[in-house]
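*Asks:* Here is my input; please provide its structure:
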Amino acid sequence: MTIALRPAGSGDCEAVTDIFIRSRSIALPFLPDLHSRDETLAYLGQFIATGEMTLATPVGDELTIAGMMVTTPGWLDHLYLDPDWRGRGIGAALLAQAKAAQPVLSLWCFAENHAAQRFYRGQGFVEQRRTAGDNEEQLPDILYGWTRPDWLRDRP
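*Replies:* Predicted coordinates:
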């Protein structure tokens, strides 16, 4: 199966919101439910409007959204997969695009999200620091960082 990456459009907001909510409920059952669906829809819609969201779709079925990521300068803000599409290299494909576009990336990962920690460490991210819960969920988290090797080498 081949995956295509494309910018999210306004027509994708409902489907992306479904993936975000479903993925969090299945992969992160420890998270408190702090926002309504409408609040989540508005939150994710802002990233679509600014062009900061990328979608992964199966080639030949561009209406099916298998995953999404949000990147801002220097940050991977969100990376969520439809739970039915996990384990197929989609997260790695999304992350590869983010790494190709930015020489340095940081991200936050909940300390209880062990699968994500393994994934990010396997993708070359290194733990920078931990907090006791300096986030709206008030849960311990880990700051990870990654730097493209050629960027380090080519800096004056």
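
*Asks:* okay, CA-based contacts and neighbour counts for the rest of this
*Replies:* Fine.

*Asks:* residue boundaries of the helices in the chain?
*Replies:* 13-27, 37-49, 90-101, 114-122, 149-154 (DSSP state H).

*Asks:* what's the longest one packed up against?
*Replies:* Spelled out, it's helix 13-27. Other helices and strands packing on helix 13-27, by 3 or more CA pairs under 8 Å, 6 or more residues apart in numbering; DSSP states H and E, are helix 37-49, strand 75-81.

*Asks:* Over to the second one?
*Replies:* Under the contact definition 3+ CA pairs under 8 Å, 6+ apart, helix 37-49 sits against helix 13-27.

*Asks:* for the helix it packs on, which positions count as buried?
*Replies:* Within helix 13-27, the residues that count as buried by 16 or more other CA atoms under 10 Å are 13, 14, 16, 17, 19, 20, 21, 22, 23, 24, 27.

*Asks:* about what we covered before: mean neighbour count, the helices and strands packed on helix 13-27: which tops it?
*Replies:* Sort the helices and strands packed on helix 13-27 by mean neighbour count, taking mean count of other CA atoms under 10 Å, and strand 75-81 sits at the top with a mean of 20.

*Asks:* Find the nearest non-adjacent residue to the residue nearest to the spatial centre of the chain, please.
*Replies:* Closest residue to the average C-alpha location of the chain: residue 79 at 1.2 Å, with CA atoms, centre = their mean. For residue 79, ignoring the flanking residues on the chain, the nearest one in space by CA to CA, 6 or more residues apart in numbering is residue 69 at 4.2 Å.

*Asks:* And residue 98, by the same measure?
*Replies:* Across the structure, with CA to CA, 6+ apart as the measure, the residue nearest residue 98 apart from its sequence neighbours is residue 71 (7.1 Å).

*Asks:* what's residue 52 sitting at in phi/psi?
*Replies:* Dihedral angles phi and psi of residue 52 (degrees, to the nearest 10) take the values phi -90, psi 0.

*Asks:* Tell me which residues touch it, please.
*Replies:* With contacts defined as CA atoms under 8 Å, 6 or more residues apart in numbering, residue 52 is in contact with 7, 70, 71, 72.
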